[in-house]
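Visitor: everything below, folded, please.
(chains A and B)
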Amino acid sequence: MHDVYLGELEQIVLLAVLQVGDDAYAVPILEEIETQTGRRLARGALYTALDRLEKKGCLRSRVGESLPERGGRARRYFAVTPAAVRALKASRAALQRLWKGLEALD
Amino acid sequence: MARVPRAAERLVAAALRSAAERDMVLGDLEEELPRRGRAWYWRQALSIAWHASFRSSSTVPATSQQGDSFMRTFVKDVRYAARSLFKRPALSATVAATLALGLGANAAIFNLIDRVVLRPFPFADPDTVVMLSETGRGIEYRKESVSPANFLDWRTEADTLVDLAAMGWWNANLFEKGDPERVQGFQVSASYFDALGVRPALGRAFVRDDETFGRHHVVILSDELWKRRFGGDPSVVGRSVTIDGEPYEIIGVAPPRFAFPDGASLWAPLSFDAKAASRRDNNYLTVIGRLAPGRTFEEASSQMDIIAARLAQDHPDTNRDRGVRVDTLTRGMMDDGLGPILSLWQSSALIVLLIACANIANLLLARAAERRREIAVRLALGATRARVVREQLTESTLLALIAVPPALAFAWIALYFMRASMPARIIRFVPGFESLGPDLRLLAFTLGLALVTAAVFGILPALQAVRSRVADGLKEGGRSSTGRQWLRRGLVVAEMSIALPLLVAAGLGVMGTNRFLNGPQGYDPDGVLTMKVVLPERGYPDAAARRRFIERAMDGVAAIPGVERAAITNTLPAGGSNASRTLEIEGHPAADPNDPPWADYRTVTASYFETLRIPIEAGRGFTAADREGAALVAVISRTAAAKYWPGEDPIGRRVRIKKGEWMTVVGVCGDIIQDWFAARNAQTLYRPVAQAPVASFGIVVRTPGDPTAVGGAVRQALLRVDSTQPVFEMMSMRRLLSERTIGLQFLAAIMTVFAALALLLASVGLYAVIAYLIAQRRHEIGLRMALGASGRVIVGMTMAQALKLTLVGAGIGLVLSVALSRVMEAGLLGIASGDATIFAVFAAVLIGTALVAGYLPARRAAAVDPMTALRSE
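Guide: Residues are numbered from 1 along each chain as shown, chains lettered A, B, ... in the order given. Modelled structure (predicted):
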């Protein structure tokens, strides 16, 4: 996949999935985002973003085991695809290039 | 542990398309539920559904996109409309609030009409219940029109109707546990409860044997009376109570809330002795029945015509011109005055809604002007006009639907106040009034009206939006065409012209009501206490017994400290009833034997004129010497004197009632207003009660201060005369007057609310249009000011524009007002007669309000900095 453009929210979600690691499903992802960015994210927006990222090929998901505390439903764990990692790096590089010479703002 | 809210779960499930995602999301939610609680779950569900609805439709597999395109466009339209409404929250809120007022007013009146006119009775299958009445000369009321013998013949002969039942008014004196109470009862035929499809909650209904004269001393209690006086004790069935001094056996209790007719509390069998059963000239019964299964209204009607014709043949002297009229019970029981008043209200409410629609159309037009370029671009890019119109209409519909919940709340509050401000004594005569309140029909009506409204206010802006030429819209800085401004001005003129008639109608109502309540009555209603007494046949069978009660009662009441005077009259002024008699005037035979002289008939104690301060204008009033056995005397009212002894002195002349004994006129008294609706200054004949003792009468007591203060003492004094005799409807004369005119007060109050709403909405509309016109002319105004025009000139210029619109509107409104006041005068029995001043006053009110609405934007225009205005282009 070429030239995936990632919006800010998408980048945040992907980074949060990476941070949470192997057990990344929606509940800890949302918590990670809210603690790290300090801003509240609507749950509906998160699901929409996860859905879109998976369709774009940025996320892969697997279904875990059924759990009684979830009403017999399984967790869906997310993992970031290599393509998405490349896109994230590209975004960061682009931003860093743009920041070059602006250290005075820090 | 918190349970999963199923409704929220279903909402999420419906919002998410893929089953896998549904499982994930619901699983996540349920996992967190114990920590977060149900309220949190709901918030999340709403957030998820909301976001899901905005997801790009490209996520739907391509195959399902085809055949479903109408639905998909519709969903897209709704989403688009919602987004566009949220983008302009202030405008959307204004529109929704305006609409809520208009819709709410309509909803409240609809509920009133629905409950009071369309289906006032909570009976099973009310459409098959009929009311039969006799028609012909001398029958004034549709209710209380049937004679006993005619009813009995109908019951035997009619087979298109079943369960025919007659009912007659019964003032029952209930004496229970040493406490007498006058109870509203009805004597009814055995099949009465069957006709209405009602079963007693306890005990049994009447059977035909209960009608047998002598075995008819059984009663059924209303649920209310049973709970209030008998503690809701089921063992009362079979017990005996004392009513009108005679023992009655309680055989049943009616189901809760059943109080038909007129808030009845007690029912006994209607039983005729041989003499009463044969009378055809005593028309006092109300007859109801039910259509026989499979029979129609028309069949019943024509059969009754045949029966009436045969009765007319067999009994020509009583039944010659008598017909039978078959009505549904609902129509038969309805007060004739109610229909016109309620339609007046509903049309006023619709006018308010129309004004609201005009306002909203105007607001949307203003916005359409702003969006012209956007729409022009879309049209240029290939959007069809139909699609754009549809989008706009979707937006209007959404706006209208948003207004429904606040409209229902508004209606609910209005209905609550209506119910709370109506005295219970009156409510029982307005069947259905006690059940006012929101229901599914009201919801359906409001939703339907909202949709119609959306079409009305949405179609103009929608069409305007696509009519303009694409090229014009794309031009930079293009101003809206003059055509649209004409439309906007026209809408404001229309608003003004229909607001004025509402103002005038409200003014007429308020003035009329005020005249009724506070205008001259012909007597002095201040400081007077009134009450009623009905002496039962058993304890007071003859004139002597009644005379004794009246004398002792008057002595007892007069002895109470704080009572200046007391008197008795057979009919209280403003008491809601009347009595009149056909007269024979000595020396003046009736010109037309079919239209003999008549007068309202009063039997009063000697002190009556002084107690009510009715002036004696010639001759004398009554004295203690005008007693039984003395020469029969009468006092006549001024109008009676002028009418029956024109240009003569009536004192010493003689008059008699239908072959009775001659009475000598000894005095002439002033006219009074007996009843504002029917008998204002009617000719009246007064007789001393001692010469014609009545069993049913009112007592008036004059006191120097608050008349109700002596109420307890008066009641005690009367109980000392007869401890089993109830006194009822004790209240001040002022309150009696107020209750008598409660309908008109309601009329005036509701019309005032409507008029205020109309005035408010019309001024807001004018304000918006003037503000808009000024915004359009900002550049020009800036230029004028730069060239030296003062702020005052600018204000004057703008105000002139506002004034022009207002004057045109007021002019048309005046014409409409005159027409409306004619209708009101005709419909309300001449109560609401208007004069020229009222039109002038309200036109001035309208113009004044409009000028204020026009001044605000004008002042803002004058404050514009010319440089800013010029630079903005």
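Visitor: what residues does chain B have near chain A?
Guide: Where chain B comes near chain A, counting by Cβ under 8 Å from any Cβ of the partner chain, the residues are B:4, B:20-21, B:23-28, B:30-32, B:34, B:44, B:47-52, B:54-56, B:59. Glycine gets a C-beta too; all of them are placed from N, C-alpha and C.
Visitor: next one: the residue at the greatest distance from the centre of chain A from A:Arg92, what distance?
Guide: Of all residues in chain A, A:Ala104 sits farthest from the chain's C-alpha centroid, using Cα atoms, centre = their mean; the distance is 30.5 Å. The span separating A:Ala104 from A:Arg92 equals 21 Å under the rule Cβ to Cβ, to the nearest Å.
Visitor: can you tell me which residues in chain A are near chain B?
Guide: A:25-27, A:42-45, A:47-48, A:51-52, A:55, A:63, A:67, A:69-71, A:73-76.
Visitor: just the ones in strands from those residues, please.
Guide: Members of the residues of chain A next to chain B lying in strands (criterion: DSSP state E): A:Val63, A:Leu67, A:Arg73, A:Ala74, A:Arg75, A:Arg76.
Visitor: any idea which of those is closest to B:Trp154?
Guide: Each of these was checked against B:Trp154 using Cβ to Cβ; the closest is A:Arg73, at 73.3 Å.
Visitor: grab the nearest non-local neighbour of the closest one.
Guide: Using Cβ to Cβ, 6 or more residues apart in numbering or on different chains and skipping residues adjacent in sequence, the residue nearest A:Arg73 is B:Gly27, 3.3 Å away.
Visitor: what about chain B, any weak spots by pLDDT?
Guide: Within chain B, the ranges that satisfy pLDDT under 70 run B:1, B:56-72, B:138-142, B:336-337, B:467-484, B:677-679, B:826-835, B:869-873.
Visitor: which helix or strand contains B:Ala108?
Guide: Element membership of B:Ala108 [criterion: DSSP states H and E] is helix B:89-113.
Visitor: contact partners of stretch B:298-317?
Guide: Applying Cβ atoms under 8 Å, 6 or more residues apart in numbering or on different chains, the contact partners of stretch B:298-317 are B:130, B:132, B:150, B:153-154, B:157-161, B:280, B:291-292, B:319-324, B:326.
Visitor: what's the answer for stretch B:113-130, then?
Guide: Defining contact as Cβ under 8 Å, 6+ apart, one finds that stretch B:113-130 is touched by B:161, B:195-198, B:257-258, B:260, B:288-291, B:297, B:300, B:326-330, B:332-334, B:338-339, B:342, B:346, B:430-433, B:435-436, B:441-442, B:445.
Visitor: which among these count as buried?
Guide: Buried positions within these, assessed by neighbour count (16 or more other Cβ atoms under 10 Å in any protein chain shown), are B:161, B:195-196, B:198, B:258, B:260, B:288-291, B:300, B:326-330, B:332-334, B:338, B:342, B:346, B:430-433, B:435-436, B:442, B:445.
Visitor: next, count neighbours for the nearest residue to B:Ile568 once chain neighbours are set aside.
Guide: Among residues not flanking B:Ile568 along the chain, B:Thr605 sits closest, at 4.7 Å (Cβ to Cβ, 6+ apart). One way to gauge burial is a neighbour count; for B:Thr605, by other Cβ atoms under 10 Å in any protein chain shown, it gives 25.
Visitor: how many residues are close by B:Phe86?
Guide: The local packing of B:Phe86 (other Cβ under 10 Å) involves 9 other residues.
Visitor: from what I see, B:Gly512 and B:Ala748 are in contact.
Guide: Yes - taking Cβ atoms under 8 Å as the contact criterion, B:Gly512 and B:Ala748 are neighbours in contact, 7.1 Å apart.
Visitor: go through stretch B:837-851 and flag the buried ones.
Guide: Of the residues in stretch B:837-851, those with enough neighbours to count as buried (16+ other Cβ under 10 Å) are B:Ile838, B:Phe839, B:Phe842, B:Ala843, B:Val845, B:Leu846, B:Ile847, B:Thr849, B:Ala850, B:Leu851.
Visitor: got the contact list for A:Gln19?
Guide: The contact partners of A:Gln19, by Cβ under 8 Å, 6+ apart, come to A:Glu32, A:Gln36.
Visitor: pLDDT score assigned to it?
Guide: Here, the pLDDT recorded for A:Gln19 equals 93.
Visitor: check the one 5 residues further on too.
Guide: Model confidence at A:Ala24, expressed as pLDDT, equals 91.
Visitor: contacts only, for it.
Guide: Contacts for A:Ala24 (Cβ under 8 Å, 6+ apart) come out as A:Ala16, A:Val17, A:Tyr77, A:Phe78, A:Ala79.
Visitor: got the residue ranges for the helices in the stretch 401-550 of chain B?
Guide: Read by DSSP state H, counting those that start in this stretch, the stretch 401-550 of chain B holds these helices, from start to end of the chain: B:424-427, B:440-467, B:470-474, B:482-518, B:543-558.
Visitor: and these, which is most packed in?
Guide: Neighbour counts averaged per stretch over the helices of the stretch 401-550 of chain B are highest for helix B:482-518, at a mean of 22; criterion: mean count of other Cβ atoms under 10 Å in any protein chain shown.
Visitor: by how many degrees do that one and helix B:440-467 diverge?
Guide: Computed with axes from the mean of the first three to the mean of the last three Cα atoms, to 10 degrees, the direction of helix B:482-518 lies at 150 degrees from that of helix B:440-467.
Visitor: elements contacting helix B:482-518?
Guide: helix B:338-370, helix B:440-467, helix B:733-740, helix B:742-776, helix B:791-827, helix B:836-862 (3 or more Cβ pairs under 8 Å, 6 or more residues apart in numbering or on different chains; DSSP states H and E).
Visitor: so what strands line up beside the top strand by length along chain B?
Guide: Longest strand of chain B, by residue count under DSSP E: strand B:161-176. Here the strand partners of strand B:161-176, with direction, are listed using DSSP bridges: strand B:179-188 (antiparallel), strand B:240-243 (antiparallel), strand B:286-291 (antiparallel).
Visitor: so which of the ones you listed comes closest to B:Cys669?
Guide: Distance to B:Cys669, taken as Cβ to Cβ, is lowest for strand B:179-188 among the strands paired with strand B:161-176, at 30.2 Å.
Visitor: in the closest one, what counts as buried?
Guide: Judged by neighbour count using 16+ other Cβ under 10 Å, the buried positions of strand B:179-188 are B:Pro180, B:Glu181, B:Arg182, B:Val183, B:Gln184, B:Gly185, B:Phe186, B:Gln187, B:Val188.
Visitor: how about those in a markdown table, adding distance to B:Leu773?
Guide: A markdown table is the format used below for these (distance: Cβ to Cβ, whole Å):
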| residue | distance to B:Leu773 |
| --- | --- |
| B:Pro180 | 73 |
| B:Glu181 | 69 |
| B:Arg182 | 67 |
| B:Val183 | 68 |
| B:Gln184 | 63 |
| B:Gly185 | 68 |
| B:Phe186 | 66 |
| B:Gln187 | 71 |
| B:Val188 | 69 |
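Visitor: and those residues, which is closest to chain A?
Guide: The shortest separation between chain A and any of the buried residues of strand B:179-188 is 61.3 Å, and it belongs to B:Gln184 (by Cβ to the nearest Cβ).
Visitor: may I see the buried residues of the helix or strand that the helix holding B:Ala108 is followed by?
Guide: Later in the chain than helix B:89-113, the nearest helix or strand by DSSP H and E is strand B:129-135. For strand B:129-135, the buried set under the neighbour-count rule, 16+ other Cβ under 10 Å, comprises B:Val129, B:Val130, B:Met131, B:Leu132, B:Ser133, B:Glu134.
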